[in-house]
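> structure here, sequence nowhere to be found:
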DNA sequence: GCCACATTCTTAAGCAGCCGAATAAAGTAA
DNA sequence: TTACTTTATTCGGCTGCTTAAGAATGTGGC
């Protein structure tokens, strides 16, 4: 119900009966409760259609808040959003470098504390903290993080530690999924509840929402598009495959290509960047050069975009979505190349064209999407009752097999 | 609940409380109703664990039946299955050729009638008919079929016509999805509720089940893997892309390659086949040759398998499934090549390896999977209450936007 | 063989969410 | 002002589930 109001932005009780399929009676009582809890406000009346006019409802944006933190090699980004998913504060701090997890978390807790007190919001209104980091997460309950980041972070119980340090409930997810949730919650999907978000920051990934619920897969690694092979005879990747998207078209590959071309490297000012400049920063510099007319830079990005468009096509074909959102800092920096490239390829494709047009767009907050998404994860999980499917979550010991083993009659 | 019993095969009431998450009381009353309806039977007792022994339950296989029909260029296959999803009758008849839809349906209705009377099952116990055809379906409610088949079939209301002719409720779906449902219902997924089925018959496709529910996507085309690009610089496909799986590795491509090699064509006896032999038949002949030691045939299939393995890897990576079932007549014919090829590639891949092993297996009824799946679709839809998500199905006229346009205060 | 105990299954009472029907509220049109 | 339309609320009831208590059916100790 709350989700329906959020999705619509502004809607009447009658509208809710249409959208949710519930009766007027039910809508009325539920809305009454939401009004009492101050989560929803009446903002006016619609024009009469011949009778009593409808009373329009909206989320009360300042009723609740959530914090999102994006922990990435290139930096730690924080965001506080209101109930509508709109950011009310952001902050960026240096990445973890090679500090120990415990130290980093302590620092983060301090920074989050600062951010919260800075905006002067009552602490009781803050629902929780969504911690977002580059995937893949190993266990479904999200306690761990593996290779792509750093060894000492493996098996470190990020969520429980942060819960102790901040006193907030903590949720974990990867950057792509969080970005997708953020896009959905803040209304960037224009009513579409099933869509994919293609993410490019330091790496490449995809987040998938089906009927408004994040699809995470058997081990929380759904949407792993970076190691999809785009060319069976391509270069070998550390993952064991050949021609992975990450290797052919990822930000690191783009930076490498630019560094290999002295003129491009020069024009983009890659060597004028500070010593340990992150991949994301270097990529952004190349994108700037491209926008400024440096042909070599543009060509390198276009090559990457050509591959990524194929990856996008694969996602769209396999999942059959009507909407694909491009998000993440790297897409934000080079949207002038990637958005048209992906659009063009999908328009060429018969399947995407005939069954339904595919809408490709850039996220309206692509550069801080993961952090905003982290906050949206919290809103989503606290305010939208999740349909549980016990069949998959409940353990299956005392299983039928053991019972079968000893039929007595 | 019924689904849980089906999934377990044999299970006690206590087992059901574990699996479904419901209370003993609820399980008890629901099971009582199922027993009264004769859908479930008590088949004995388990060994005591120190108290009263559990009573074991199973589906009553002969309580209900369903019919599946696979309408393919290469032939029309029928199957009748019992409640457990096991086939009790099969039949194959010539394909539609270039006959008009109305004639074909009339013939099918007759053949189905024959099949039903042949097995002597009470007509009231037959739940319905699942009609399966090569995708893609155009409208989500599944009234139409487009190009891959024939022009005159476009926009022909298959389901309503067949309902009139047979007097049975009719469901439509594509071959890959139906096969996946069939695999699930007949217990071939060993408890896994989320998995993908890679299908190869006349074409290539994939069926996806998430939490036991078929995922069909925005336009019913989910799992369209045949036109996924596996090589950005590959040959152009009619769909507008380059290097599509279908073109590089599909049965038609395999047949073409075999015909291009005189020795292979000879050894496989391709020209000894009847005049208009279907792609599937020719493919089967090549597979036979490969099994009989014809090196050229084997090489052609191995090349195809190499590509298909990459497609499989993409599916597994993107959806993060623990189980991949290979199904369809062509996989059945050449399983000796494809199954190991897919397994090998997935074992090489880092992601598939670390997060969780991926189980790759051949369907135990790969050659008639679509027809059996059609029947399973009916069982599934009639016996398992589907969780509806009104948000996506309800139309959205009287939308929020129109309300917003006229705020009166 | 009988009794205490464990475990499974059933029955009864109660609660939550939703629905249908009746009613109140708030507008429009004549 | 009155008749009518549409929106919103209230109330009784149904369904599906839960908790609690008790009946049924086994095991092991004596």
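Sure, I can see it. Computed from a predicted model, the values in this text were never measured in an experiment. Residues are numbered from 1 along each chain as shown, chains lettered A, B, ... in the order given.

> CA atoms for contacts and neighbours, from now on please.
Fine.

> how near is residue A:226 to DNA strand C?
Noted for residue A:226: a distance of 40 Å to DNA strand C, by CA to the nearest atom of the strand, to the nearest Å.

> kindly report the same for residue A:337.
Residue A:337 is 46 Å from DNA strand C, where distance means CA to the nearest atom of the strand.

> from what I see, that residue and residue A:304 are in contact.
No - if you go by CA atoms under 8 Å, residue A:337 and residue A:304 don't touch, sitting 9.3 Å apart.

> can you list the residues of the stretch 201-350 of chain A near DNA strand D?
Neighbours of DNA strand D within the stretch 201-350 of chain A, by CA under 7 Å from any atom of the strand: none found.

> residues of the stretch 201-350 of chain A that sit close to chain B?
In this structure, the stretch 201-350 of chain A approaches chain B at residues A:211, A:216-225, A:227-232, A:239-241, A:307, A:310, A:313-315, A:317-322, A:348-350, judged by CA under 8 Å from any CA of the partner chain.

> buried residues, stretch A:158-172. List them.
Under the neighbour-count criterion of 16 or more other CA atoms under 10 Å in any protein chain shown, stretch A:158-172 has A:158-159, A:161-163, A:165-166, A:168-172 buried.

> next, count neighbours for the closest residue to DNA strand D within the stretch 1-150 of chain A.
In the stretch 1-150 of chain A, the residue that lies nearest DNA strand D is residue A:51 (2.9 Å; CA to the nearest atom of the strand). Per other CA atoms under 10 Å in any protein chain shown, the neighbour tally for residue A:51 reads 7.

> how near is residue A:217 to DNA strand C?
27 Å.

> for the stretch 251-400 of chain A, just list every one of the helices.
With DSSP state H, counting those that start in this stretch as the definition, the stretch 251-400 of chain A shows helices at residue ranges A:251-260, A:262-268, A:279-291, A:295-319, A:329-333, A:335-348, A:350-355, A:369-383, A:390-393, A:400-404.

> ok, now the stretch 1-150 of chain A?
Using DSSP H, counting those that start in this stretch, helices in the stretch 1-150 of chain A cover A:2-8, A:13-20, A:24-36, A:101-119.

> among those helices, which is nearest residue A:197?
Checking the helices of the stretch 1-150 of chain A against residue A:197 by CA to CA gives helix A:2-8 as the closest, at 17.3 Å.

> is that closest one in proximity to DNA strand D?
No - using CA under 7 Å from any atom of the strand, helix A:2-8 stays clear of DNA strand D, with a minimum separation of 13.4 Å.

> chain center to that helix: distance?
19 Å (CA atoms, centre = their mean, to the nearest Å).

> close to chain B: what parts of the stretch 1-150 of chain A are there?
A:4, A:8-12, A:15, A:18-21, A:44-47, A:138-139.

> so, low pLDDT: which residues of the stretch 101-250 of chain A?
Residue ranges of the stretch 101-250 of chain A with pLDDT under 70: A:135-155.

> any idea which residue is closest to the centre of chain A?
Residue closest to the mean C-alpha point of chain A, counted by CA atoms, centre = their mean, is residue A:179 at 1.5 Å.

> out of the helices of the stretch 251-400 of chain A, which comes closest to residue A:132?
Using CA to CA, the helices of the stretch 251-400 of chain A put helix A:369-383 closest to residue A:132, at 5.9 Å.

> can you list the buried residues in the closest one?
Neighbour counts over helix A:369-383 (16+ other CA under 10 Å) mark A:369-380 as buried.

> show me which of those residues is closest to DNA strand D.
When the buried residues of helix A:369-383 are compared against DNA strand D (criterion: CA to the nearest atom of the strand), the nearest one is residue A:380, at 23.9 Å.

> give me the pLDDT for the closest one.
Looking at residue A:380, its pLDDT stands at 89.

> dump the residue contacts of it.
Residues near residue A:380 by CA atoms under 8 Å, 6 or more residues apart in numbering or on different chains: residue A:185.

> also residue A:59?
Residues in contact with residue A:59, defined by CA under 8 Å, 6+ apart, are A:2, A:5-6, A:9, A:39-41, A:83-84.

> test of understanding: give the bridge partners of it.
residue A:40 (DSSP bridges).

> tell me which parts of the stretch 51-200 of chain A are close to DNA strand C?
Contact residues, the stretch 51-200 of chain A versus DNA strand C (CA under 7 Å from any atom of the strand): A:51-53.

> can you add distance to residue A:279 and pLDDT and give those back as a markdown table?
Output for these, formatted as a markdown table (distance: CA to CA, whole Å; pLDDT from 0 to 100):
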| residue | distance to residue A:279 | pLDDT |
| --- | --- | --- |
| A:51 | 61 | 84 |
| A:52 | 59 | 87 |
| A:53 | 56 | 89 |
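
> between these, which sits nearest chain B?
Of all those, chain B sits closest to residue A:53, with 9.6 Å by CA to the nearest CA.

> quick one: low-confidence parts of the stretch 251-400 of chain A?
For the stretch 251-400 of chain A, applying pLDDT under 70 flags the ranges A:350-355, A:385-400.

> so what's the residue count around residue A:29?
Residue A:29: 11 surrounding residues under other CA under 10 Å.

> need the contact list for residue A:228.
A:243-245, A:311, B:313-314, B:317.

> any idea how far DNA strand C is from it?
Here the criterion is CA to the nearest atom of the strand. By it, residue A:228 lies 41 Å from DNA strand C.

> where do the strands sit along the stretch 101-250 of chain A?
Counting by DSSP state E, counting those that start in this stretch, the stretch 101-250 of chain A has strands at residues A:126-133, A:170-174, A:195-200, A:204-210, A:213-214.

> so for residue A:117, which of those sits nearest?
strand A:126-133 (11.4 Å).

> what are the pairing partners of that closest one, and which direction each?
Paired strands of strand A:126-133, with direction, are strand A:65-72 (parallel), strand A:170-174 (parallel) (DSSP bridges).

> related to what we said a few turns ago, buried members of the residues of the stretch 1-150 of chain A next to chain B into ChimeraX, please.
Per 16+ other CA under 10 Å, the buried members of the residues of the stretch 1-150 of chain A next to chain B correspond to this ChimeraX selection:
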select /A:4,8,9,10,11,12,15,18,19,20,44,45,46,47,138,139
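
> skipping adjacent residues, who's closest to residue A:289 in space?
Leaving out its chain neighbours, the residue that sits closest to residue A:289 by CA to CA, 6 or more residues apart in numbering or on different chains is residue A:268, at 5.1 Å.

> any idea how many residues pack against the one you found?
Counted with other CA under 10 Å, the neighbours of residue A:268 add up to 26.

> kindly report the same for residue A:273.
Using other CA under 10 Å, residue A:273 has 13 other residues around it.

> from memory residue A:284 sits against residue A:328, does it?
No - Residue A:284 is beyond contact range of residue A:328, at 11.6 Å (criterion: CA under 8 Å).

> neighbour-wise, which of the two wins?
Neighbours were counted for residue A:284 and for residue A:328 using other CA under 10 Å; residue A:328 has more, 28 against 21.

> identify the residues contacting the more buried one.
Residue A:328 sits next to A:179, A:199-201, A:366-370 when contact means CA under 8 Å, 6+ apart.

> again, but for residue A:160
Applying CA under 8 Å, 6+ apart to residue A:160 gives the contacts residue A:170.

> what's the answer for residue A:165, then?
Residue A:165 is in contact with A:105-106, A:109, counting by CA under 8 Å, 6+ apart.
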